[in-house]
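1. sequence first, predicted model second:
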Amino acid sequence: MTWDAVVVGGGIAGLVAARELAHEGLRTLVLEERDTLGGAVTGHTVAGLRLDAGAESYATRGGTVAVLLGELGLADRIRVPEPHGAWVHLPHGDGPLPRTGLLGIPTDPWAARRTLGLVGAARASLDAVLPATGATLLGELVRRRMGARALDRLVRPVVGGVHAADPDDLAVDAVAPGLSDALRRERGSLSRAVRSLRASGPAGSAVQGLAGGLHLLVDALVADLEAHGGTVRTGVTVTSLDDERADRWVLATPSAVDLLGLEVGRPDPGAQVTLVTLVLDAPALDAAPRGTGVLVAREATDVTAKALTHATAKWVWLAQTAGPGRHVVRLSYGRAGEDVRPDADVALRDASVLLGVPLSADQLQGHAVVRWTQALPRPSADHARVVAGVRAAVEPLPGVAVCGAWVAGNGVASVVPDARAAARSVL
């Protein structure tokens, strides 16, 4: 059979691109190597609760995800997290993260003085008066403008939690689009640049989720795709574009480099990330002692986790579903260069330390351990060069496009518009 379009990769990018093509009346086939669809957006059941096993929120920037959710009939499920704020776990103690900012970069260093300390806040505030200086890498930029404490106590923990990477390895333009331009407009001040970016963004929370879990997005995409004549096959490994006869190909997978025989280098393979979900009978957590969660500084050696999300403190719908005194806590493991394999006991000990509340094994009602590979490609300068090479090589190829987090960047808000653009380019 000859297909009008074949999409390789059944993550969010592949499903979004396939849906676009099917809506145009094309006979569209999706091929996914794994047995499940959605990539890092999927669900599982723990202690009777249906929970997200991967991503549990999306960035609101651009509004593209909200538009897609509206098209899929999910707009009434959109929720904003509770405004409890998050904390950072440091060797000398815990402190709150700035309520406003970008990747931990504060818009007002003095508002973060509890975490930075008086000396750190004073040094970071010099950013407003220092001569304009730029930098290619995020870590270097923050260190120059705001000093080592702002980098180590705020930015490094956030970047480690979000991107499983170190800010000294990340290109500013790749991880913070628009920041370089804002720096030029604000005469080099990093705090003012971040403030201007936040002001130009949509009002309200910077992230949103879905009542019932973000994994509902996958179910809705598949249902809509199949309703428009699309076909989905899982457990299929594509080794050549000759595997199927098709007029158009959308490659939503890093294997596009091999499938197309490109000699542009290798994209970042992504960190090995493990998520441990705990369902606890712990009324002491009702007060949300660390807000919606905790990010961990690399220098803190008393825990192995890099981040903790107190999901029932973050999402009202989940707290109502779980019931009084019952809490869902999720811990993330695996920074750049690490290969950590935690179990429930390790996660329970880490949660006790990070939440500041003693938690025992008899309070554990259920747990799940999910290990992600090829997740969170690190947006380093080398990775950005490979992506640029891939896009340049693919652009002149008729009927071929690429998409996915490996080229668009991490997060649903990056993946969705890029996937739609990829589909349009082959129509």
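-> Sure thing, it's come through.

2. my guess is Leu275 contacts Glu56, does it?
-> No. Counting by Cβ atoms under 8 Å, Leu275 stays clear of Glu56, with 9.8 Å between them. (Glycine included, C-beta is placed from N, CA and C.)

3. domain parsing for this structure?
-> 2-41+57-79+211-267+378-426, 100-200, 271-375 (automatic domain parsing).

4. shared neighbours of Leu275 and Glu56, which are they?
-> By the contact definition Cβ atoms under 8 Å, 6 or more residues apart in numbering, Leu275 and Glu56 are jointly contacted by Arg330.

5. ok, which stretches of the stretch 201-350 of the chain are helices?
-> In the stretch 201-350 of the chain, helices defined by DSSP state H, counting those that start in this stretch lie at 216-227, 256-259, 311-314, 316-322, 344-355, listed in chain order.

6. can I get the ones you listed in CSV including mean neighbour count?
-> Below are the helices of the stretch 201-350 of the chain laid out as CSV (neighbours: other Cβ atoms under 10 Å):
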stretch, mean neighbour count
helix 216-227, 19
helix 256-259, 20
helix 311-314, 26
helix 316-322, 18
helix 344-355, 21
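
7. nearest to Thr100, of these?
-> Using Cβ to Cβ as the measure, helix 311-314 is the one of the helices of the stretch 201-350 of the chain that comes nearest Thr100, at 17.6 Å.

8. what mean pLDDT does the closest one get?
-> Per-residue pLDDT values across helix 311-314 average out to 98.

9. just the CA trace of that helix, in CSV.
-> Listed next in CSV are the C-alpha coordinates belonging to helix 311-314 (Å, rounded to 0.1, in the frame of the first residue of the first chain):
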residue,chain,number,x,y,z
ALA,A,311,1.9,16.9,43.1
THR,A,312,-1.1,17.1,45.5
ALA,A,313,0.1,20.5,46.7
LYS,A,314,0.6,21.6,43.1
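
10. same for it, what does it pack against?
-> Contacting helix 311-314 under the criterion 3 or more Cβ pairs under 8 Å, 6 or more residues apart in numbering; DSSP states H and E are the following elements: helix 316-322, strand 326-333.

11. how far does it sit from its chain's centre?
-> Centre-to-centre, helix 311-314 and its host chain are 17 Å apart (Cα atoms, centre = their mean, to the nearest Å).

12. residue contacts, the closest residue to Ala384 other than its chain neighbours?
-> Spatial nearest neighbour of Ala384, excluding adjacent residues (Cβ to Cβ, 6 or more residues apart in numbering): Ala174 at 4.7 Å. Counting by Cβ under 8 Å, 6+ apart, Ala174 makes contact with 379-381, 383-384, 409.

13. cutoff 10 Å now
-> Residues counted as contacts of Ala174 (Cβ atoms under 10 Å, 6 or more residues apart in numbering) are 137-138, 163, 378-381, 383-384, 387, 409.

14. now flag whichever of those is closest to Ala13.
-> Proximity to Ala13 was ranked across the contacts of Ala174 by Cβ to Cβ; first place goes to Gly409, at 11.0 Å.

15. what pLDDT does that closest one get?
-> In this model, Gly409 is scored at 88, pLDDT.

16. how far does whichever strand or helix holds Leu21 sit from the chain's center?
-> Secondary structure from DSSP states H and E places Leu21 in helix 12-23. Here helix 12-23 is found 20 Å from its chain centre; the criterion is Cα atoms, centre = their mean.

17. now Pro289. Its backbone dihedrals?
-> When read as degrees, to the nearest 10, the backbone of Pro289 gives phi -60, psi -20.

18. and it, what does it touch?
-> 84, 87, 94, 310, 313, 354-357.

19. tell me the one of the residues you listed nearest Val370?
-> His310 (18.0 Å).

20. the closest one reaches Ala86, doesn't it?
-> Yes. Under the criterion of Cβ atoms under 10 Å, His310 lies in contact with Ala86, with a separation of 9.1 Å.

21. settle it for me: which of the two has more neighbours?
-> With neighbours defined as other Cβ atoms under 10 Å, His310 and Ala86 compare such that His310 has more, 27 against 24.

22. partners of the more buried one in the sheet?
-> With DSSP bridges as the criterion, the beta-bridge partners of His310 are Val329.

23. mind listing what it touches?
-> With Cβ under 10 Å, 6+ apart, His310 has these contacts: 82, 84, 86-87, 285, 288-294, 319, 327-330, 351, 354-355.

24. ok, it to Gly70 distance?
-> 29 Å (Cβ to Cβ, to the nearest Å).

25. now distance to Leu364 too, for the contacts of Pro289, in JSON lines please.
-> Shown next, in JSON lines, are the contacts of Pro289 (distance: Cβ to Cβ, whole Å):
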{"residue": "His84", "distance to Leu364": "23"}
{"residue": "Trp87", "distance to Leu364": "23"}
{"residue": "Asp94", "distance to Leu364": "23"}
{"residue": "His310", "distance to Leu364": "15"}
{"residue": "Ala313", "distance to Leu364": "18"}
{"residue": "Leu354", "distance to Leu364": "16"}
{"residue": "Leu355", "distance to Leu364": "14"}
{"residue": "Gly356", "distance to Leu364": "18"}
{"residue": "Val357", "distance to Leu364": "14"}
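
26. would you put the C-alpha positions of stretch 101-114 in PDB?
-> Written as PDB, here are the backbone C-alpha positions of stretch 101-114 (Å, rounded to 0.1, in the frame of the first residue of the first chain):
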ATOM      1  CA  GLY A 101      12.100  34.800  36.900                       C
ATOM      2  CA  LEU A 102      13.500  32.600  34.100                       C
ATOM      3  CA  LEU A 103      15.300  29.300  34.800                       C
ATOM      4  CA  GLY A 104      16.000  30.600  38.300                       C
ATOM      5  CA  ILE A 105      17.300  34.000  37.200                       C
ATOM      6  CA  PRO A 106      15.600  36.500  39.500                       C
ATOM      7  CA  THR A 107      14.000  39.700  38.300                       C
ATOM      8  CA  ASP A 108      14.800  41.100  41.800                       C
ATOM      9  CA  PRO A 109      17.800  39.600  43.500                       C
ATOM     10  CA  TRP A 110      16.900  41.200  46.800                       C
ATOM     11  CA  ALA A 111      13.600  39.200  46.800                       C
ATOM     12  CA  ALA A 112      15.800  36.100  46.800                       C
ATOM     13  CA  ARG A 113      18.100  37.100  49.700                       C
ATOM     14  CA  ARG A 114      16.900  34.400  52.000                       C
END
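
27. many thanks, we can stop here.
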